[in-house]
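Peer 1: Predicted coordinates and the sequence they were generated for:
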Amino acid sequence: MGKISQKDIVLNHLKKYKSISTIECYEKYRITDLQHAIYLLRKEDYKITDEWCKSKNSLGWANKYKKYTLED
């Protein structure tokens, strides 16, 4: 049995939960290049939108990150 690709991990997550952020992707799967997986999925004609999000970390510093959503 072959190793599952990062693209497939991201696709499975999107199919189950509909969205994923760069922070969530790293925390759950230790994938640091979510943008590349999204690029590959878009090349396969998956309709994935993105938006910039802002939050503060535990130290109170501002974070800016992307959230990707799989459209129906």
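Peer 2: In hand now; what should we look at?
Peer 1: Gln69 should be in a strand, yeah?
Peer 2: For the record, residue 69 is Thr, not Gln. Yes. The assignment for Thr69 (DSSP: H, G, I helix; E, B strand; the rest coil) places it in a strand.
Peer 1: How many residues are close by it?
Peer 2: Applying the criterion other C-beta atoms under 10 Å, we find 15 residues in the vicinity of Thr69. (C-beta placed from N, C-alpha, C; glycine too.)
Peer 1: Kindly report the same for the one 3 residues further on.
Peer 2: Using other C-beta under 10 Å, Asp72 is surrounded by 4 other residues.
Peer 1: Asp45 now?
Peer 2: As a burial measure, the neighbour count of Asp45 was computed by other C-beta under 10 Å and equals 6.
Peer 1: for it, what are its contacts?
Peer 2: In this structure, Asp45 makes contact with no residue, judged by C-beta atoms under 8 Å, 6 or more residues apart in numbering.
Peer 1: same check, this time on the one 3 residues further on
Peer 2: When contacts are counted by C-beta under 8 Å, 6+ apart, Ile48 is found next to 14, 38, 41-42, 68-71.
Peer 1: what's the answer for Thr69, then?
Peer 2: Applying C-beta under 8 Å, 6+ apart, one finds that Thr69 lies in contact with 14, 18-19, 48-51.
Peer 1: now swap in Lys54 and tell me
Peer 2: With C-beta under 8 Å, 6+ apart as the criterion, the residues that contact Lys54 are 62-64.
Peer 1: Most neighbours among those residues, which one is it?
Peer 2: For those, neighbours tallied by other C-beta under 10 Å; top is Asn63, 11 neighbours.
Peer 1: Please tell me how far the spatially most central residue of the chain sits from Arg42.
Peer 2: Most central residue of the chain, judged by C-alpha distance to the mean C-alpha position with C-alpha atoms, centre = their mean, is Ile20 at 4.1 Å. For Ile20, the distance to Arg42 under the criterion C-beta to C-beta, to the nearest Å works out to 14 Å.
Peer 1: Tell me where this protein has strands.
Peer 2: When assigned using DSSP state E, the strands of the chain occupy the ranges 19-21, 48-56, 62-70.
Peer 1: so can I have CSV of those strands showing mean pLDDT and distance to Lys3?
Peer 2: Rendered in CSV, the data for the strands of the chain read as follows (pLDDT from 0 to 100; distance: least, C-beta to C-beta, whole Å):
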stretch, mean pLDDT, distance to Lys3
strand 19-21, 98, 20
strand 48-56, 95, 23
strand 62-70, 95, 23
